[in-house]
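Engineer: got a predicted structure here, sequence first:
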Amino acid sequence: QVQPVESGGGLVQAGGSLSVSCAASERTFKYYVIGWFRQAPGKERQFVAGISWSGTSTYYADSVKGRFTISRDNAKNTVYLQMNNLKPEDTAVYYCARAAGLGPGYAYDYWGQGTQVTVSS
């Protein structure tokens, strides 16, 4: 498929962990930066993390640094977001998308449908 497909969301208690995945075709991901975003109800979409094509460079929003880890497996055309020490404010729909550069300032396209992450207090 052309559009990425996110999966792995769910309900977890505060302090818990969850991993979400973003899978797409090689044509969609090859040589591109992949970023994770999230959007909570009534709030603007927020950049969470990004990873370069090689996987050697990453970029995190301050709010998730030290708690979230982004990684990718290019052989599987999949990008992962490991989320630890989750907080209720992490509750949102999580989306992945691709960009030509790393970081929140670049234009992202090929958005997935999102996966819901809910953190209970």
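Structural biologist: Alright, I've got the coordinates.
Engineer: all contacts plus neighbour counts: C-alpha atoms, from now on.
Structural biologist: Will do.
Engineer: how about the strands in this structure?
Structural biologist: 5-7, 10-13, 18-23, 33-39, 46-51, 58-60, 68-73, 78-83, 92-99, 108-109, 115-120 (DSSP state E).
Engineer: helices and strands around the shortest one, which ones?
Structural biologist: So that's strand 108-109. Judged by 3 or more C-alpha pairs under 8 Å, 6 or more residues apart in numbering; DSSP states H and E, strand 108-109 is in contact with strand 92-99.
Engineer: quick one: list the elements packing against the strand it packs on.
Structural biologist: Looks like strand 92-99 contacts strand 5-7, strand 33-39, strand 108-109, strand 115-120 (3+ C-alpha pairs under 8 Å, 6+ apart).
Engineer: other residues contacting the one helix or strand in the chain whose mean pLDDT sits lowest?
Structural biologist: Ranking every helix and strand in the chain by mean pLDDT, DSSP states H and E puts helix 26-29 at the bottom, with a mean of 89. Helix 26-29 is contacted from outside by 2-4, 77, 98, 110, using C-alpha atoms under 8 Å, 6 or more residues apart in numbering.
Engineer: ok, now stretch 62-80?
Structural biologist: 19-26, 29-30, 34, 48-51, 55, 58, 81-86.
Engineer: got a ChimeraX select line for the buried ones in these?
Structural biologist: Per 16 or more other C-alpha atoms under 10 Å, the buried members of the contacts of stretch 62-80 correspond to this ChimeraX selection:
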select :19,20,21,22,23,24,29,34,48,49,50,51,55,58,81,83,84,86
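Engineer: next, Asn77: phi, psi?
Structural biologist: phi 50, psi 50 (degrees, to the nearest 10).
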